[in-house]
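Chemist: next comes the sequence, and after it the predicted model I'd like to discuss.
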Amino acid sequence: MKHLLYLSLLLVAIETSAAEPLRIHWIDVEGGAATLIITPSGESVLFDTGMPGLRDPVRIHRHCRDIAGITKIDHLVITHFDLDHYGGAADLAKLIPIGIVYDHGVRPQDVERVGEDYLGFPCDRRLVLTPGDQIPLKQAEGAAELRIDVLAALQHFIEPTDQHPENPRPDYATDQDKDRSHNANSITTLLHFGDFDFFNGADLTWNLEEKLVVPRNLIGEVDVYQTDHHGLDKSNNPVLIKSIKPRVAVMNNGHTKGCGPLTFAALTSTPSIEAIFQVHKNLRPDGETNNTTVERIANTTESENCTAHPILLEVAPDGSSYTVKIPSTGHESTFQSK
Ligand SMILES: [Zn+2]
């Protein structure tokens, strides 16, 4: 009997220790977007594919093979129809098989924009995401529950309920001009993994960012905030950032794109933020003040000579803590999930 008890305790121990972490990788596509998630069950979810041309698809494919260790992209989410997000998709599909492709729907006015390359590249199937949808993911035994919820798409949002805390408009709130670009249509998602929450607003812009958190906060508080729109100042409304209270911000900027002065000020004036990570050093003259500490920057050269180092994040299988690593500088820091 005693032996049996030991054996079952041992089996429980093996089972829990065998659970894999959740991984989030920011692949450098020079100021475009390519955020790769590898789930504890081994599935992969790629948000966006960088620019057209071979540079970004080749980088993404190499990263999948050599760093992430995956041979298929199970779920590809194209957040909106700007080239730095959907541009690499068709060429990427020639390098690695793609499972389900999600976007906000190709409206008649989008057909010419995305073109036949996008509409025709091979994949298992194509689905349209609308607010309230979830990306269907396999759960892994012994790991925290994983969910990716769609909060916004095509300028529509999830319905506010009593579950979403009231959040009146603060005095410092300001408006920008109405956004008539494709950025406004971004598919915006919230990933939950146990206590860990990751907000990916894609390129959502200022006025719409406020709508997500005022008069009710539809996001809640998060652990990690991928700065909207590569850290450009048309996005990163301080009302959003101060409402969702992230502990960590990760900026997928380029060496001259994003990391804007307003964005940087919004991040550094948000008390909850303990660390800012950047894919690139801001090499503009304003970089003197608008850059995080050098060990938290993955790439420091201009794009012509860039060796495209990633930012890696790993969440413990139970979701309780996470570690951000900058392999190019050897820096890593660990944070508790909220
Ligand atoms: Zn973009």
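Modeler: The structure has been received and is ready for your questions. Predicted model only: the values in this text are computed from it and were never measured.
Chemist: so L151 sits right up against D133, yeah?
Modeler: No: assessed by Cβ atoms under 8 Å, L151 is found out of contact with D133, at 9.8 Å. For glycine as for every other residue, the C-beta is placed from the backbone atoms N, C-alpha and C.
Chemist: which one of these two is surrounded by more residues?
Modeler: Between L151 and D133, L151 has the larger neighbour count (other Cβ atoms under 10 Å), namely 21 against 18.
Chemist: contacting residues around the closest residue to the more buried one other than its chain neighbours?
Modeler: Leaving aside its sequence neighbours, L151 sits nearest to T188 (Cβ to Cβ, 6 or more residues apart in numbering; 4.8 Å). Contact analysis of T188 by Cβ atoms under 8 Å, 6 or more residues apart in numbering lists 79, 150-153, 199-202, 204, 212.
Chemist: tell me the contacts of the nearest residue to D103 once chain neighbours are set aside?
Modeler: Computed as Cβ to Cβ, 6+ apart, the closest residue to D103 that is not its neighbour in sequence is I78, at 4.3 Å. Applying Cβ under 8 Å, 6+ apart, we find I78 in contact with 48-49, 85-86, 89, 101-103, 187.
Chemist: could you dump those to a markdown table with pLDDT, distance to the ion and secondary structure?
Modeler: Compiled in a markdown table, the contacts of I78 are given as follows (pLDDT from 0 to 100; distance: Cβ to the ion, whole Å; DSSP: H, G, I helix; E, B strand; the rest coil):
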| residue | pLDDT | distance to the ion | secondary structure |
| --- | --- | --- | --- |
| D48 | 98 | 8 | coil |
| T49 | 98 | 11 | coil |
| H85 | 98 | 6 | helix |
| Y86 | 98 | 10 | helix |
| A89 | 98 | 14 | helix |
| V101 | 98 | 18 | strand |
| Y102 | 98 | 17 | strand |
| D103 | 98 | 15 | strand |
| I187 | 98 | 13 | coil |
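Chemist: in ChimeraX, how would I select the buried members of the residues you listed?
Modeler: To isolate the buried ones among the contacts of I78 in ChimeraX, judged by 16 or more other Cβ atoms under 10 Å, type:
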select :48,49,85,86,89,101,102,103,187
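Chemist: in JSON lines: the contacts of I78, plus distance to S269.
Modeler: Formatted as JSON lines, the contacts of I78 follow (distance: Cβ to Cβ, whole Å):
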{"residue": "D48", "distance to S269": "28"}
{"residue": "T49", "distance to S269": "33"}
{"residue": "H85", "distance to S269": "28"}
{"residue": "Y86", "distance to S269": "33"}
{"residue": "A89", "distance to S269": "37"}
{"residue": "V101", "distance to S269": "38"}
{"residue": "Y102", "distance to S269": "35"}
{"residue": "D103", "distance to S269": "35"}
{"residue": "I187", "distance to S269": "28"}
